[in-house]
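predicted model follows, preceded by the sequence.
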Amino acid sequence: GIQVEQSPPDLILQEGANSTLRCNFSDSVNNLQWFHQNPWGQLINLFYIPSGTKQNGRLSATTVATERYSLLYISSSQTTDSGVYFCAVLTGGGNKLTFGTGTQLKVEL
Amino acid sequence: KAGVTQTPRYLIKTRGQQVTLSCSPISGHRSVSWYQQTPGQGLQFLFEYFSETQRNKGNFPGRFSGRQFSNSRSEMNVSTLELGDSALYLCASSYRLARDTQYFGPGTRLTVL
């Protein structure tokens, strides 16, 4: 099956810093989503981005499907950005998402 | 629109018991998928339903089963619980298959003693 790798696995930032999270996948995909998992476990949808670039406030994402990677940019980080960030890809005709192992982000004052 | 809801939010069971978890998708969504999250295995796909039909199943034993009702609500059942079934169970809904954004519920945290 498809392999999804995320880097870095852990990241500690000072409030106000910028960061880039990376997601590599081993095969072509129909769909790619970025999620933020909050401390209570809920997965919050950040971007649906099978290709191209999108921005939402301080967050933006870019997927280069031909090179099989996606990047999530967080600018001017805040303590509320802390949590685990997952990318997930979808292949085939169904709705089975394959998740990466996540990036644990901690933003400190 | 209301988001995806899951009940119960927390559950404690003992080995050998069975459990049923419920998921109500976003209004109008017809696809529901279930995932298990554990510290060791991460997020793993259990199964997906669309219009009351199971479309895909992950690599889990037959003790894990599910169904979807005509109103798109879904239930999953785990029989003969084992300690390793302790996990966060998440469901996701989307309007169609394959190319729509999937939205997740808050999850059910199951502890097996």
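Nice, I can see it. Given the structure is predicted, the values throughout are model-derived calculations rather than measurements.

least confident secondary structure element in chain B?
Among the helices and strands of chain B, strand B:53-57 carries the lowest confidence by mean pLDDT, DSSP states H and E, at a mean of 91.

check which residues of that strand are buried.
Buried residues in strand B:53-57, counted by 16 or more other Cβ atoms under 10 Å in any protein chain shown: B:55, B:56. No exception for glycine: its C-beta is placed from N, CA and C like everyone else's.

that strand near chain A anywhere?
Yes. Using Cβ under 8 Å from any Cβ of the partner chain, strand B:53-57 reaches chain A at B:55, B:56.

cool, and stretch B:99-111?
Yes. Using Cβ under 8 Å from any Cβ, stretch B:99-111 reaches chain A at B:99, B:100, B:101, B:102, B:103, B:104, B:105, B:106, B:107, B:109.

mark which of these are buried, thanks.
Buried among these (16+ other Cβ under 10 Å): B:100, B:102, B:103, B:104, B:105, B:106, B:107, B:109.

mind putting these into TSV with pLDDT and secondary structure?
Below are those laid out as TSV (pLDDT from 0 to 100; DSSP: H, G, I helix; E, B strand; the rest coil):
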residue	pLDDT	secondary structure
B:100	81	coil
B:102	89	coil
B:103	93	strand
B:104	95	strand
B:105	96	coil
B:106	95	coil
B:107	96	coil
B:109	97	strand
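
before we move on, back to that, mind picking the two most distant members of the residues of stretch B:99-111 next to chain A?
B:99 and B:109 (30.7 Å; Cβ to Cβ).

quick one on the thing from earlier: check which helices and strands the helix or strand following the least confident helix or strand of chain B sits against.
Sequence order places strand B:64-68 as the next helix or strand after strand B:53-57, per DSSP states H and E. Here strand B:64-68 touches strand B:42-50, strand B:53-57, strand B:74-78, going by 3 or more Cβ pairs under 8 Å, 6 or more residues apart in numbering or on different chains; DSSP states H and E.

which ones are touching the spatially most central residue of chain B?
With distances taken as Cα atoms, centre = their mean, residue B:34 lies nearest the centre of chain B, 3.3 Å away. By Cβ atoms under 8 Å, 6 or more residues apart in numbering or on different chains, the contact set of residue B:34 is B:23, B:45, B:46, B:47, B:48, B:66, B:74, B:76, B:89, B:90, B:91, B:92.

identify the bridge partners of the fourth one.
On DSSP bridges, the residues paired with residue B:47 through beta bridges are residue B:34, residue B:57.

what sits against residue B:111?
Neighbours of residue B:111 in contact, by Cβ under 8 Å, 6+ apart: B:10, B:11, B:12, B:13, B:86.

mind checking what secondary structure it has?
strand (DSSP: H, G, I helix; E, B strand; the rest coil).

buried only: go through the contacts of residue B:34 for me.
By 16+ other Cβ under 10 Å, these give B:23, B:45, B:46, B:47, B:48, B:66, B:74, B:76, B:89, B:90, B:91, B:92 as buried.
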